[in-house]
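Novice: show me the folded form of this:
(chains A and B)
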Amino acid sequence: MVEYTSTEMMAVCGAHAVKDGERVFAGTGLPVLGAMLAKVTHAPNAIIIYEGGNVDTQNKDLALSVADSRLGYRAAASIGLIETLGFLMMGGKVDVGFLGAAQIDEFGNINTSYIGDFDAPKVRLPGSGGGNDIASSAGRIILMFTHDARKFVKKLDYLTSPGHLSGPGSREKLGLIGGGPSLVVTDKCQMDFDPDSKRIRLKSVHPGVTVDWVKENVMFDLSIGKDVPITAEPTKHELEKLRGLDPQGIYLAKGQK
Amino acid sequence: MNTRLSTKQAFLPPFTANSASQFSPGGCNMIEPTVEDKRITLEEAVKKVHDGAHIAWGGFGYQRPPEAFAMELIRQKKRNLRIYTCGSEHDLDILTGAEVCLEYEVAFFAIEALGLAPNLRRRIKEGKVKFEDYSNLAMALRFLGGALNVPFMPIRHMIGSDMLEKTQLRKDKAKVIDCPFTGNPVVLLPSVQADFGVICAQKADMQGNVQLYGIKGEDNEIVRGSKTTIVCAEEIISNEEIRRAPDLTAIPGLYVDYVVEVPFGSWPMQVYGLYDYDLPHLQMYMQMCKTEEGWQEYMNEWILDVGNHKGLLKKIGAKRLKELRADPEFGY
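Specialist: Numbering: from 1, shown residues only, chains lettered A, B, ... in the order given. Model prediction:
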């Protein structure tokens, strides 16, 4: 049996969500690893774009920032923000975007701005950055974050980036061209969205995690099918490749066995 | 000199006195134009910024932020600034800690992979900071609108989010209208023409012609849209070097008011092709600034007591600066 951490599991799930040849917008952290892993395994023709301006990257070292000089090494182009988030993203030329979240609701709407009251917040989070731009216009969105019941809320403290808003048709009504969230990856499970109701539902639980645990660790009624499959474990090959991308454990050191 | 930054020159024949006569204005029987010298010192540049000024702030993420400029703003005890930018990090956090700037129209404020901005966190708890949140593209378009001298820019993003309604600084943050052509909803953003635009660049000549290498973030738009523009250049090059490779000029000098030579002007962050970020320093910063006492200690030690940018470089030490120098093959 292969040994792997919960963080490695997340990165591999993220990678599986990328198809060969797709244009992928990655943010810093685990999404970077997910996108890079896809490219060195099943999706060699994926084109990775970073909002700072690097397009079609082939970096050899891991980046700490979406503007990191490391992303410039062997990139096809180093341009600017209006290029990446404007011409490419708002222009409708990006297939998939990776995002993190501090809170999401049952329609996959995202908060990365404030915890608590807007006028006297408990915590000010980083804010939108390019998150709102990506959530608005990418073909589909993959959300990645560690599982915590407080992150799956009935009502967001602040809506930074649009998911499926209030349900079917609401994105179209506002002229948002992107398809919205399609997958949520945590260190415990994967969730997707019912195509009719646009509500989040349990897709699979990672090995060792029970459906009941997931149920208890979201703060809204989670739609759960009859037979929830167990997420496929990472292969030895995937883990070797993944660890090779982050030999110092900058992002991977965080997970539990 | 870094080979990646001089690749273009390598393609060209060596510039000799003989070849110069073929191409120089004198060779075409033109009268020699005056080369205006826009160079001033960092202290002089910062002196021009009045209390209450609005500044469009260059750099993006860890790339080319005006760190030395921020530190000098702190030394000169500027107050009540308002900063407009897409995403900045350590630079904005020290300005917030020193209470030089407590009003931000931005998209992103954190130290990315290293965590939330520690000084901002405390100043928010104290209720001292006000934000107007936009997305990255929204801020970049606001600068583009300023540069084009149009009052607003349309965007298809931000709609459906709380960023449209929740405001702290502006009455006119954004408006949703029905497009007069299609009838579909569209968001309008107020353009930005800030009092000052401040960016860092790898190279500039004394007239303010700027070469930017690597990603540009929103710097091209900031410089073109601000009322007074200050460029902090890592290196001053000759006007001849600019004119031999005009396609490398990202910003023509006519947009630039002042040029300041500031080597390592983005330390402890990075400049593509020249030097990498100082990760141990940033980690120390994150650790120290968990408390107000720690921040005050950091500010005294790394900003105030060193006296000026030269003093800072002396404190960092030639050995460390050499270690941070980029490998020409990789650019970091």
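Novice: CA only for contacts and neighbour counts going forward, please
Specialist: Will do.
Novice: what residue is smack in the middle of chain B?
Specialist: In chain B, the C-alpha nearest the mean C-alpha coordinate belongs to B:Gly58, at 2.3 Å (Cα atoms, centre = their mean).
Novice: and the pLDDT for it?
Specialist: For B:Gly58, the pLDDT comes out at 98.
Novice: can you get me the start-to-end distance on stretch A:49-67?
Specialist: 11 Å (Cα to Cα, to the nearest Å).
Novice: run through the helices of chain A in chain order.
Specialist: A:6-16, A:30-40, A:81, A:131-137, A:170-173, A:211-216, A:236-245 (DSSP state H).
Novice: now tabulate the ones you listed in a markdown table and tack on distance to A:Val123.
Specialist: Shown next, in a markdown table, are the helices of chain A (distance: least, Cα to Cα, whole Å):
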| stretch | distance to A:Val123 |
| --- | --- |
| helix A:6-16 | 25 |
| helix A:30-40 | 22 |
| helix A:81 | 27 |
| helix A:131-137 | 18 |
| helix A:170-173 | 29 |
| helix A:211-216 | 25 |
| helix A:236-245 | 32 |
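Novice: buried deepest among the ones you listed, which one?
Specialist: Greatest average neighbour count among these goes to helix A:131-137 (a mean of 31), per mean count of other Cα atoms under 10 Å in any protein chain shown.
Novice: elements contacting that helix?
Specialist: In terms of contacts (3 or more Cα pairs under 8 Å, 6 or more residues apart in numbering or on different chains; DSSP states H and E), helix A:131-137 is packed against strand A:96-99.
Novice: which stretch in the helices of chain A is the model least sure about?
Specialist: helix A:30-40 (a mean of 92).
Novice: what about the closest residue to B:Val35 other than its chain neighbours, which SS state?
Specialist: Once flanking residues are discounted, B:Val35 sits nearest to B:Gln207: 6.8 Å by Cα to Cα, 6 or more residues apart in numbering or on different chains. Here B:Gln207 is recorded as coil under DSSP: H, G, I helix; E, B strand; the rest coil.
Novice: mind listing what B:Gln207 touches?
Specialist: Residues in contact with B:Gln207 (Cα atoms under 8 Å, 6 or more residues apart in numbering or on different chains) are B:Val35, B:Glu36, B:Asp37, B:Lys38, B:Arg39, B:Asn239, B:Gly253, B:Leu254, B:Val256, B:Val259.
Novice: just the strands in the stretch 101-250 of chain A please.
Specialist: Using DSSP state E, counting those that start in this stretch, the strands of the stretch 101-250 of chain A run over A:103-104, A:110-111, A:114-116, A:121-124, A:140-144, A:181-185, A:189-193, A:200-205.
Novice: okay, the ones you listed in JSON lines with mean neighbour count and mean pLDDT next?
Specialist: Below are the strands of the stretch 101-250 of chain A laid out as JSON lines (neighbours: other Cα atoms under 10 Å in any protein chain shown; pLDDT from 0 to 100):
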{"stretch": "strand A:103-104", "mean neighbour count": "26", "mean pLDDT": "98"}
{"stretch": "strand A:110-111", "mean neighbour count": "30", "mean pLDDT": "98"}
{"stretch": "strand A:114-116", "mean neighbour count": "18", "mean pLDDT": "97"}
{"stretch": "strand A:121-124", "mean neighbour count": "18", "mean pLDDT": "94"}
{"stretch": "strand A:140-144", "mean neighbour count": "23", "mean pLDDT": "97"}
{"stretch": "strand A:181-185", "mean neighbour count": "25", "mean pLDDT": "98"}
{"stretch": "strand A:189-193", "mean neighbour count": "22", "mean pLDDT": "98"}
{"stretch": "strand A:200-205", "mean neighbour count": "22", "mean pLDDT": "98"}
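Novice: can I get the ones you listed in JSON lines including distance to chain B?
Specialist: Putting the strands of the stretch 101-250 of chain A into JSON lines (distance: least, Cα to the nearest Cα, whole Å) gives the following:
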{"stretch": "strand A:103-104", "distance to chain B": "13"}
{"stretch": "strand A:110-111", "distance to chain B": "9"}
{"stretch": "strand A:114-116", "distance to chain B": "11"}
{"stretch": "strand A:121-124", "distance to chain B": "7"}
{"stretch": "strand A:140-144", "distance to chain B": "15"}
{"stretch": "strand A:181-185", "distance to chain B": "15"}
{"stretch": "strand A:189-193", "distance to chain B": "19"}
{"stretch": "strand A:200-205", "distance to chain B": "19"}
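Novice: closest to B:Pro268 out of those?
Specialist: strand A:121-124 (23.7 Å; Cα to Cα).
Novice: hmm, back to that, if I look at the closest residue to the residue nearest to the centre of chain B other than its chain neighbours, how far off is B:Val259?
Specialist: Spatial nearest neighbour of B:Gly58, chain neighbours left out: B:Ile199 (4.4 Å); criterion: Cα to Cα, 6+ apart. B:Ile199 is 10 Å from B:Val259, where distance means Cα to Cα.
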